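Just the structure for this:
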Amino acid sequence: MSLFSKIKSKVSSTKFKARTIAAGFALTIASIAALATMSGAAAAPTTTPDCDANAAIWCGITQNGTSVSSEIAQVKKLYANGDGHNKYYTIQDMYNYFGISTSMVNGLSTSNVVSGYVSGNAEGDVYATINGKSTLVATGAITAGRQNLSGSNPVKYGQTTFYTRPTHVSFQNGQLAALIVMKNGVFQNAMLVSCGNPVKATPKKPSYSITKQVSTAANGTYGSNVSVNSGSAVYYKIAVKSTGAIPVDNVTVHDTLPSGIVYTSGTLQENGKAVSSSDASKFFSSTGLNVGTVNNGATDTFTFTAKAGTVAFDDASCKPGDNLTNNGYVAAPGLSTLNANAKVSTTCAPSASLACTNLTAVAGAPDATTGSQLYTFTAKASPQNVTITGYSFNFDGTNTATIKSSDASVQTTHTYAPGNYTANFTVTGTAAATSKTYTSSACAFSIKVQQAPNPNYAILKQVSTSANGTFSSDVQVQSGATVYYKITVSSTGDAPITNVNVKDTLPSDIKYTTATLQQDGTAVSATDTSSFFGNGLVVPSIANGKSTVFTYSAVAGNTATDTDPSCKAETLDNTGFMSMTGLSSQQSTAEVKTGCTQLQCLPGVQAGSNECYSYTCNIAQGAIDNANKKVTVKVTGTSTSPTVATPGNVTINWGDGTTATVAYADVNAASQGQGHTFANNSTITASIQFTTPDGSTPVTSSNCSVPVSFTTTTTPPPVMPNTGAGDVIGIFTGTVVTATVAARLFLARKMARR
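Next comes the predicted model:
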């Protein structure tokens with residue numbers, strides 16, 4: 001929070017008269033300012049949010065973080081929607097008055113906004129961070145707030161009244177962090193981070209200068225003009241200097257070569273670094289090469305080599321050339337284009353000479369098998385008024401080559417076996433004016449080719465019964481047990497091995513445990529695991545004398561347990577392979593023998609996981625209700641083994657398309673049984689499910705059944721009642737009572753209708 005904001009908030013809460021408030025407020029500001037000055041207030045710009053009524057944006061623009069991009073996003077959001085305390089149009093009115101339009105806000109990005117700060121000193125300085133350096137970009141800063149302060153000017157803009165003032169009025173010599181808006185390296189405006197208040201100021205503008213010079217030697221003395229023999233090289237230097245108070249952005253430099261000055265391809269450099277051929281094309285065109293930003297006080301220097309004159313100075317056609325003017329230009333947005341020139345005069349002379357400059361060579365990679373190396377030679381010559389006709393190479397005293405060329409530099413290659421050699425070349429040329437042939441002395445280069453390194457490798461596959469146990473070539477376990485494999489791939493030669501393909505083949509009864517493959521203790525991804533157990537996993541490199549180790553676990557055997565009846569003893573060989581270009585593939589095998597502990601049960605007796613079980617099912621027909629075709633059945637079962645199995649649910653098929661599953665206790669001999677009503681005669685079938693004590697899968701008995709049939713009986717004719725005297729009287733009396741009740745009900749209904 002700015003000093004003004006803190007004090008103003010306090011003053012606004014009192015009920016004193018305006019004059020007393022203003023006087024006390026001014027005195028307080030002055031006192032605190034003096035204390036701040038005396039105590040040496042912190043120089044770091046303030047970013048603390050101002051959550052008070054003076055802020056253009058309540059709490060400023062720091063809520064989303066402290067990066068420039070997040071602060072830009074906050075400005076756009078609050079400018080468009082308001083800040084919860086201030087309406088959006090009041091923010092827009094204040095910003096628009098300061099030249100920060102809606103389109104400008106929408107166009108804010110990290111390409112035109114940088115961090116910086118606004119000073120509360122008397123000069124109202126504005127600093128921007130440019131290329132990591134705090135740079136003065138404007139002075140005379142003016143800001144605005146929503147509350148009045150001595151030294152402020154009221155402004156009514158749009159629907160909003162606010163107050164403008166120099167920064168030293170409210171900043172009290174402090175520094176407030178701000179977003180600085182730049183265009184073409186020139187300050188446009190700013191927004192204070194802590195309160196969002198807009199800032200305008202007088203920008204510092206960039207400026208530059210350009211000089212063009214020429215020399216007869218790359219490291220010689222440069223001047224505005226030189227005189228050289230026709231056909232000689234000249235060396236140009238163009239220096240663009242940023243002379244203003246701030247950097248120059250989007251600087252474009254180009255050069256125009258006059259007829260008679262021919263650029264030497266590949267020689268253009270910027271500040272000592274080679275310029276690409278595409279950028280060189282721009283540099284020597286009217287488009288120019290954009291060099292970006294030149295910091296204030298910095299100089300961007302271009303150098304290049306050119307040939308002065310179109311023929312050698314001893315050529316019969318040589319003609320002197322006077323004042324071959326080469327112009328250099330610099331331009332930047334908002335600044336005037338400047339140019340400078342250097343002049344070259346060429347002379348002709350009959351003398352000629354030819355010499356070899358040097359012979360250099362660059363060695364290629366040694367052949368991994370033979371150790372032989374390909375050398376690329378560059379031969380350079382120094383012709384003086386001589387046209388080169390060819391180069392003669394002697395690579396090792398036996399092998400030679402001839403290259404026809406007129407260039408001052410050529411390249412050729414030769415492959416050497418291990419050993420020591422001396423290569424040399426001579427260059428031949430002809431002077432055009434006299435047709436005289438020139439041959440240079442020899443330039444030599446020494447070659448030494450080392451013997452080829454000898455890479456080699458080995459693979460070892462081992463197995464163990466525990467992850468941290470002893471690994472060996474074979475183990476013996478029961479079917480269903482977990483085994484642990486280790487594959488060690490070692491570099492055993494005197495050179496690293498590279499691009500080694502390692503894979504593992506699992507027999508059908510060795511089942512990999514998912515996600516257990518590791519390389520040197522680090523888990524291997526699912527994709528690389530598939531490669532390892534497929535076509536192979538490539539290990540990029542293993543240094544000579546080093547190894548890489550793969551480990552994983554698997555389940556051995558054809559059954560999950562060694563007591564499963566289908567268990568079989570097996571010998572399971574698991575082989576690991578490795579291969580590499582240039583070396584023979586290798587493999588190593590680890591062996592696992594599996595055993596079984598199977599139950600031997602009598603025929604018709606089911607084997608559990610640890611015991612044999614026998615069981616029976618009996619169904620008995622209970623009471624039969626022939627009239628209603630209903631029957632009750634009871635189901636009983638027995639089990640024999642060292643430990644008796646417990647009967648569980650009973651499944652009954654009534655034979656008429658319906659079934660029932662009931663608890664054994666509900667249908668055994670000690671209960672009433674299970675009833676069912678039939679439509680026709682049927683056959684009832686039942687089975688009992690037993691639970692074995694060892695927790696193996698429940699076993700089910702074979703079916704037991706019983707037929708059901710119903711007897712049909714004939715119903716006799718009804719017998720008339722005996723109607724003696726007493727019976728007649730009883731019938732009469734009942735009839736009278738019934739009639740009486742009916743009459744009353746009729747009367748009651750009739751009354752109810754009324």
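
Okay, helices next: where are they in the stretch 451-600 of the chain?
In the stretch 451-600 of the chain, the helices defined using DSSP state H, counting those that start in this stretch lie at 526-532.

Sketch out the low-pLDDT regions of it for me.
Low-confidence segments of the stretch 451-600 of the chain, defined by pLDDT under 70, are located at 598-600.

ok, now with 80
Within the stretch 451-600 of the chain, the segments meeting pLDDT under 80 span 452-453, 565, 598-600.

Please, where are all the strands along it?
Using DSSP state E, counting those that start in this stretch, the strands found in the stretch 451-600 of the chain span residues 457-464, 474-478, 482-491, 497-505, 510-512, 518-519, 522-523, 537-542, 547-556, 570-580, 583-595.

Note down every partner strand of the third one and its orientation.
It refers to strand 482-491. Next to strand 482-491 in the sheet, as set by DSSP bridges, lie strand 457-464 (antiparallel), strand 547-556 (antiparallel).

Mind putting the ones you listed into TSV with mean neighbour count?
Heads up, the C-betas are built off the backbone N, CA and C, glycines and all. Output for the strands paired with strand 482-491, formatted as TSV (neighbours: other C-beta atoms under 10 Å):
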stretch	mean neighbour count
strand 457-464	20
strand 547-556	19
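
Kindly reformat those as TSV and extend each row with distance to residue 624.
Below are the strands paired with strand 482-491 laid out as TSV (distance: least, C-beta to C-beta, whole Å):
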stretch	distance to residue 624
strand 457-464	69
strand 547-556	57
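
Ok, which of the strands of the stretch 451-600 of the chain comes nearest residue 432?
Set against residue 432 and scored by C-beta to C-beta, the strands of the stretch 451-600 of the chain come closest in strand 497-505, at 55.1 Å.

Paired strands for the closest one, with orientation please.
Neighbouring strands of strand 497-505 in its sheet, by DSSP bridges, are strand 537-542 (antiparallel), strand 570-580 (antiparallel).

Can you pull out the low-pLDDT segments for the stretch 201-350 of the chain?
Scanning the stretch 201-350 of the chain for pLDDT under 80 picks out 313-316, 349-350.

can you give me the helices for it?
Along the stretch 201-350 of the chain, the segments classed as helices by DSSP H, counting those that start in this stretch run 277-283.

To residue 283, which of the strands of the stretch 451-600 of the chain lies closest?
Between residue 283 and these, the tightest spacing by C-beta to C-beta is seen for strand 537-542, at 42.2 Å.

buried stuff in that closest one?
Within strand 537-542, the residues scored as buried using 16 or more other C-beta atoms under 10 Å are 537, 539, 542.

so how far is that strand from its chain's centroid?
Taking C-alpha atoms, centre = their mean, to the nearest Å, one finds the center of strand 537-542 at 24 Å from the center of the full chain.

Also stretch 345-353?
A distance of 63 Å separates the centroid of the chain from that of stretch 345-353, by C-alpha atoms, centre = their mean.

Other residues contacting that stretch?
Counting by C-beta atoms under 8 Å, 6 or more residues apart in numbering, stretch 345-353 makes contact with 225-232, 260, 308-309, 312-315, 318-324, 382-386, 431, 433-434, 436, 438, all of which sit outside it.

Now intersect these with the strands, please.
Assigned to strands by DSSP state E, the following of the contacts of stretch 345-353 qualify: 225-229, 232, 308, 321-324, 382-384, 431, 436, 438.

Of all the strands paired with strand 482-491, which one comes closest to residue 190?
Shortest separation from residue 190 across the strands paired with strand 482-491 is recorded for strand 547-556, at 58.8 Å, computed as C-beta to C-beta.
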